[in-house]
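A.B. asks: please work out how this folds:
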Amino acid sequence: MSWFKIDDGFHCHPKVFAAGTPAVGLYVRCGSWAAQQASDGIVPKAVARMYGTARMIKALIDADLWHQKGHDCESCPQLDSNSYAIHQFLERNPSRVDVELERKAKSERQQRWREGKKKAQANDGSAADVDGDVDASPRRHGDAAPVPPRPVPSQVPPTEEPPPPSPSANTPGTDVVAASGRGETQPLIEAMGARGMNVSWKFSSTEWLELRDAVRRVGVPALVDHAARSWQAAKNTPYSARYFLPGWTGLQDAPQYTGPRSLSAGPPSKTTEYLEDMAAIAEELRQRKGGA
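C.D. replies: Purely as a prediction, here's the structure:
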């Protein structure tokens, strides 16, 4: 990798002020291209037009930051009609010859390093072949670490944590996990899916117990209806059943229906009194009209 170098006073040089910031951007981009291509500061016109406008190119030439064919700068090479030259490029940047030598030396260093690594690996392999019966027990090599056993893959799916068989506060000793893997919460999961609410069911053990207790307390239909209302009110589509858990655990037993309340059970309300008065007035008006 080559570098295009400018000095720390470049930003306030009179030529830079004369060229203007847009033209200086073209200067830097083409300088980077010249360093990469090791062109000794020669920029083809096609490259200059690809990165900048004709006005930017003219500004760099007028400010003497670039040269074109027929220039009189003794420190810069002469050009053909298809190129520009960055003024004094070789005074701050390596020439093409220097760049190629450095790249060749770097390539040779990398090749020597690779060959040395291969040789070292080959030597290690031959030593192992010669000492095929080397005792590698801890008795001889006290710092030798035992080979760790292979981990046994977990039977738990990565997307959820099934609840453990913990006792409940209502029915101690009851096993939460049934054959389905989710026990009493499985009907809720299936009912949610049937209503189109497909979410992740990754809960901790405590959360599974809270959900199981909510199923026992209010029933699956009430939990599904509550989830449907929350689903419609959500700004973003929920992706986890944990979104509904606070509302589910907050649901209480529905009050039992005891039938309509008798009006004679207590004093009439003001609304009832008003309606009775209006009915009496209407009846009185009907009687007057009939008598007339």
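A.B. asks: and stretch 76-83, how far apart are its ends?
C.D. replies: Criterion CA to CA, to the nearest Å; first-to-last residue distance in stretch 76-83 is 13 Å.
A.B. asks: please enumerate the helices of the stretch 51-200 of the chain.
C.D. replies: 54-62, 89-92, 96-130, 186-194 (DSSP state H, counting those that start in this stretch).
A.B. asks: redo those as CSV? Include distance to Leu245.
C.D. replies: The way it works is simple: take the backbone N, C-alpha and C, and place the C-beta from them, glycine included. Shown next, in CSV, are these (distance: least, CB to CB, whole Å):
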stretch, distance to Leu245
helix 54-62, 62
helix 89-92, 67
helix 96-130, 56
helix 186-194, 11
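A.B. asks: out of those, which gets the lowest mean score?
C.D. replies: Among these, helix 96-130 carries the lowest mean pLDDT, at a mean of 79.
A.B. asks: make a markdown table out of the helices of the stretch 51-200 of the chain and add distance to Trp248 and mean neighbour count.
C.D. replies: Listed next are those as a markdown table, based on distance: least, CB to CB, whole Å; neighbours: other CB atoms under 10 Å:
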| stretch | distance to Trp248 | mean neighbour count |
| --- | --- | --- |
| helix 54-62 | 66 | 17 |
| helix 89-92 | 72 | 16 |
| helix 96-130 | 61 | 11 |
| helix 186-194 | 9 | 16 |
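A.B. asks: my guess is Glu100 meets Ala38, correct?
C.D. replies: Yes - counting by CB atoms under 8 Å, Glu100 touches Ala38, with 6.6 Å between them.
A.B. asks: for Leu209, give its distance to Val215.
C.D. replies: 11 Å (CB to CB, to the nearest Å).
A.B. asks: same check, this time on Arg92
C.D. replies: Arg92 is 77 Å from Val215, by CB to CB.
A.B. asks: out of the helices of the stretch 51-200 of the chain, which gets nearest to Val224?
C.D. replies: helix 186-194 (4.9 Å; CB to CB).
A.B. asks: helices or strands up against that closest one?
C.D. replies: helix 205-218, helix 220-233 (3 or more CB pairs under 8 Å, 6 or more residues apart in numbering; DSSP states H and E).
A.B. asks: show me what the last one is packed against.
C.D. replies: Here helix 220-233 touches helix 186-194, helix 245-250, going by 3+ CB pairs under 8 Å, 6+ apart.
A.B. asks: so which of these gets nearest His13?
C.D. replies: It's helix 245-250; of these, that one is closest to His13 (CB to CB) at 65.8 Å.
A.B. asks: could I get the average pLDDT for that closest one?
C.D. replies: On average, helix 245-250 scores 88.
A.B. asks: can I get it in CSV? Just the C-alpha atoms.
C.D. replies: Taking Å, rounded to 0.1, in the frame of the first residue of the first chain, the C-alpha atoms of helix 245-250 are listed here in CSV:
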residue,chain,number,x,y,z
LEU,A,245,-47.5,-12.1,30.3
PRO,A,246,-47.9,-8.9,32.5
GLY,A,247,-51.5,-8.6,31.4
TRP,A,248,-52.2,-12.3,31.8
THR,A,249,-50.8,-12.4,35.3
GLY,A,250,-52.8,-9.3,36.3
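A.B. asks: and the helix or strand following that helix, how far out from the chain middle?
C.D. replies: Remark: after helix 245-250, the chain's next helix or strand is helix 270-291, criterion DSSP states H and E. Mean-position distance between helix 270-291 and its chain equals 73 Å (CA atoms, centre = their mean, to the nearest Å).
A.B. asks: what do you get for stretch 50-61?
C.D. replies: 41 Å.
A.B. asks: any idea how far Asp64 is from Arg109?
C.D. replies: 40 Å.
A.B. asks: and what of Arg114?
C.D. replies: 47 Å.
A.B. asks: give me the residues contacting stretch 36-50.
C.D. replies: 2, 26, 30-31, 33-34, 57, 66, 76-77, 79, 82-86, 89-90, 93, 95-96, 99-100 (CB atoms under 8 Å, 6 or more residues apart in numbering).
A.B. asks: of those residues, buried ones?
C.D. replies: 2, 26, 30-31, 33-34, 57, 66, 76, 79, 83-86, 89, 93, 99 (16 or more other CB atoms under 10 Å).
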